[in-house]
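>>> kindly generate the corresponding structure for this input.
(one chain, ligands or ions: 3)
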Amino acid sequence: MFNWNYDFAGVALCINCVLLFFYKRNHVVPLRQHNYFSGLIYAELLMALTDILSSMALDAGNRTSLFVKYLSLSVFFSMYVGCLLLLFLYTKSLCDYHSVRQYPLFSFFYLPAGAVIGLYLSNPFTGLVYFIDPVIGYTAGPLYEIFAALTLYYSFLSLVLTAIVHKRMTKEQLLTMHVVWTIVIVGALVRLFMPEQLMVSLIMTLCTIIIFINLENPDLYWNRMTGLFNDLSFTEVIQKSMYSNKRISVICIGIKNYDEFKMSYDSVAVSLLRKEIAKAMNDIMDCQSIYYLGHGRFAILFIGDDDHLGDAEMAYDRFRRPWIFESDRGRTISVYINASVAYLPASTNITSGGQLRDVIASKLMDMARQDISGLKIIDEKAMQKQIYISRVEAILDKALELDNIEVWYQPIYDRKTGRIIAAEALSRLHDDQLGYIRPDVFIPLAEITGAITILGSRVLEKTCDFIRRQGLAEMGIEYIEVNLSPAQCRDENLAVKMLEVIESHGVSPGMINLEVTESTVEDMNQLKQQIRILHDAGVGFSLDDYGVGYSNLVKIFALPFSLVKLDKTVVWSYFNNENKILEDLLAMFQKNGLQVVAEGVETELMAEKLNELGCDFQQGFWYSEALPDKDFVRYVRDFNGNEK
Ligand code: C2E
Ligand code: CA
Ligand code: CA
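Ligands and ions are numbered 1, 2, ... in the order given. I've put the predicted structure just below:
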């Protein structure tokens, strides 16, 4: 006779009730893995219950009928097999999204569980697994170890599966499932050797808790405050739809002045606004779920071939009206929100959920940057462009991490001496597949993502290293122009950090000229202080790309610029006989004590004419493109006659 210990099964029963309550209370993304998980909780609940009931029935001896004993035991064992199967299917759904039925391996997945359940259900007649002896009670049959064998079978299958397709799983998923299956094996062994402890339900429950905490916690998938799903659910749902060959269309909404809004209101109000937007979208269209992707971006997903452009138009229309909601302090807030709306039709090719999320983010970011607050359709071309951009972003991140950014130097010619006396440092990003990526692509990107801060300091470091290593000053190079982005100037310690770099390389600060554009000058207050510190230390300043913006000349002359670089468009318009502004600009700047560099000098004719006009310096392809450091040194030696 066994002396049954109900404690473990009782605890398992309670825990499963609590788990079920909390899991079912929250929204769950419509993914197969979540269905398996809730199935698992139900099965465990029933398993713990029948574990207790059957033991009680056995304890009661002859006072309980044989039928009740067999029935509760059969249900208990079948539920155990069900749990194993669900746990296996759960593992499988994490790494593979195909419908099980499409598999030729179908029989490997379902048949063993089905056969063993059949064995348990027929056991009252066969007594193969166990039988209930009128005197001794519960007794093992010849196939008693079958459940341990089945446990090993599904554990093994799961481990093989995760080993084959581990690339589709996150590290967290892999670790969790490995731990869970190890515990399941231990549980089966305990049941085999100590059946009276009724521990198997608790052990299964332990696995469920581990999965709940690590993978199924609803807070991982949605925001409690706004009731919106997050980008993890978004990528998972897309991934699943892709694997099952379902087409997806997406309406993406980006709040354009989100950062300002966040600064003006408290975080509760921001959450309420998000909630309000989601509610309005739900009212406008029949959407299955709205995802909040962070940074004021929403995505509304539609699975299937239907066109939802009309919905996108209605969504955009809603932003013409104010958003009115009550803050938690009872204050009524009414705001107008500028939104960019992008629509991705179902025909577009998507290769992964993460990629689609990045494409949406970069499209909305693009629209915000270009101040487009309309509705745009992401067609195949736009999609390819955004894919390229997000790829470049990854390449840039990697290059910064590995310190792979190259710096090339474009010579600057001096009219007075007829020599190359300076150069502009231009960054180059190389990728094995894409070749050299143009700075026009990656610099604006780095400015948005903030990578420009690191990039800027790397360029300065490399330039200083080059100046020192090659002895550029001894070669007759008076200074190197280094570009400074507006975004870099937001760093309050920029000047100090730059001087540290320059000095640590043993370079004279006078060898560095920082190029800033008019847009940087616009933000005077931030910049003034930085410029003063750097200028006091001896660093020079040039005004870059003059002629493409709308300058405030009073502001410009108030700053210690020694050089103005006329943008190539100004130079070209002069040589295309479109206007004579170049002559006036030269005169105006020189009269005010500034020297002038003409950019984009491409022909001998241009070079000669600019000399005639008295333009101080020239830069352009006529002299040379930007060159890697060694080529630059060679070029300067050749050009300057090698006598230095
Ligand atoms: P920019 O400062 O105006 O630099 C001059 C750009 O004009 C360079 O393009 C140069 O290769 C190109 N260029 C020079 N001469 C000629 C010419 O005769 N004809 C034509 N068609 N183009 C000419 P690049 O290297 O592609 O750089 C583009 C822009 O990227 C730069 O424009 C600059 O604003 C930015 N940039 C490049 N490197 C850096 C960097 O390290 N930091 C920052 N903040 N910006 C950078
Ligand atoms: Ca420049
Ligand atoms: Ca320029």
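>>> residue boundaries of the strands in the stretch 451-600 of the chain?
In the stretch 451-600 of the chain, the strands defined using DSSP state E, counting those that start in this stretch lie at 479-483, 512-517, 540-546, 563-566, 595-598.
>>> what mean pLDDT does the first one have?
The reference is to strand 479-483. Averaging pLDDT along strand 479-483 yields 97.
>>> tell me which strands it pairs with, and in which orientation.
strand 419-431 (parallel), strand 512-517 (parallel) (DSSP bridges).
>>> again with the third one
Strand 540-546 has these partner strands in its sheet, going by DSSP bridges: strand 512-517 (parallel), strand 563-566 (parallel).
>>> buried ones in the last one?
In other words, strand 563-566. Within strand 563-566, the residues that count as buried by 16 or more other Cβ atoms under 10 Å are L563, V564, K565, L566. Quick note: C-beta positions are derived from backbone N, CA and C, even for glycine.
>>> biggest helix in this protein by residues?
Criterion DSSP state H: the longest helix present in the chain is helix 66-95.
>>> if we go by neighbour counts, what in the following helix or strand past that one is buried?
The helix or strand immediately downstream of helix 66-95 is helix 106-126, counting by DSSP states H and E. Neighbour-count burial for helix 106-126 flags F109, Y110, P112, A113, V116, I117, L119, Y120, N123, P124 (criterion: 16+ other Cβ under 10 Å).
>>> hang on, the earlier thing: starting at the chain centroid, how far to the longest helix of the chain?
39 Å (Cα atoms, centre = their mean, to the nearest Å).
>>> who does G540 bridge with?
In this entry, G540 is beta-bridged to N513, by DSSP bridges.
>>> for it, give its distance to ligand 2.
Using Cβ to the ion, to the nearest Å, one gets 14 Å for the distance from G540 to ligand 2.
>>> and that residue, how many neighbours?
By other Cβ atoms under 10 Å, the residues close to G540 number 20.
>>> now flag whichever of the buried residues of helix 106-126 is closest to ligand 3.
Looking at those and their distance to ligand 3, the nearest is F109, at 63.5 Å (Cβ to the ion).
>>> what segments of the stretch 201-350 of the chain are helices?
218-221, 231-243, 258-264, 267-284, 309-318 (DSSP state H, counting those that start in this stretch).
>>> out of those helices, nearest to I477?
helix 258-264 (41.9 Å; Cβ to Cβ).
>>> residues in contact with the closest one?
I255, V270, L273, H295, G296, V335, I337 (Cβ atoms under 8 Å, 6 or more residues apart in numbering).
>>> buried ones only from the residues you listed, please, as a ChimeraX command.
Restricted to buried positions by 16+ other Cβ under 10 Å, the ChimeraX selection for those reads:
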select :255,270,273,296,337
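>>> rebuild the contacts of helix 258-264 as JSON lines, extending it with distance to V180 and pLDDT.
What follows is these, written out as JSON lines (distance: Cβ to Cβ, whole Å; pLDDT from 0 to 100):
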{"residue": "I255", "distance to V180": "40", "pLDDT": "89"}
{"residue": "V270", "distance to V180": "38", "pLDDT": "86"}
{"residue": "L273", "distance to V180": "40", "pLDDT": "88"}
{"residue": "H295", "distance to V180": "35", "pLDDT": "85"}
{"residue": "G296", "distance to V180": "38", "pLDDT": "88"}
{"residue": "V335", "distance to V180": "47", "pLDDT": "86"}
{"residue": "I337", "distance to V180": "45", "pLDDT": "87"}
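>>> with distance to ligand 3 added, can I get the contacts of helix 258-264 in a markdown table?
Below are the contacts of helix 258-264 laid out as a markdown table (distance: Cβ to the ion, whole Å):
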| residue | distance to ligand 3 |
| --- | --- |
| I255 | 34 |
| V270 | 39 |
| L273 | 41 |
| H295 | 31 |
| G296 | 33 |
| V335 | 40 |
| I337 | 36 |
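>>> what bridges to the closest residue to S542 other than its chain neighbours?
Spatial nearest neighbour of S542, chain neighbours left out: L563 (3.8 Å); criterion: Cβ to Cβ, 6 or more residues apart in numbering. Following DSSP bridges, L563 is listed with bridge partners S542, Q595.
>>> L563 reaches L594, doesn't it?
Yes: taking contacts as Cβ atoms under 8 Å, L563 lies within contact range of L594: 6.6 Å.
>>> who touches both of these two?
In contact with both L563 and L594: L543, using Cβ under 8 Å, 6+ apart.
>>> got the residues of the stretch 401-550 of the chain near ligand 2?
Proximity of the stretch 401-550 of the chain to ligand 2, by Cβ under 5 Å from the ion, involves residues N483, E515, D544.
>>> and with 8 Å instead?
Proximity of the stretch 401-550 of the chain to ligand 2 (Cβ under 8 Å from the ion) is limited to residues E424, L426, E481, N483, E515, T517, D544, D545.
>>> neighbours around I467, how many?
What I467 shows, counting by other Cβ under 10 Å, is a neighbour count of 24.
>>> just checking, it touches E478?
No: with contact defined as Cβ under 8 Å, I467 does not reach E478; the gap is 10.9 Å.
>>> which of the buried residues of strand 563-566 lies closest to ligand 1?
K565 (7.3 Å; Cβ to the nearest ligand atom).
>>> what about the closest one, distance to G600?
Distance of K565 to G600, computed by Cβ to Cβ, to the nearest Å: 10 Å.
>>> now do N16
Distance from N16 to G600, by Cβ to Cβ: 73 Å.
>>> can you give me every residue that contacts the closest residue to G510 other than its chain neighbours?
Nearest non-adjacent residue to G510, counting by Cβ to Cβ, 6+ apart: G538, 4.6 Å away. By Cβ under 8 Å, 6+ apart, G538 lies in contact with S508, P509, G510.
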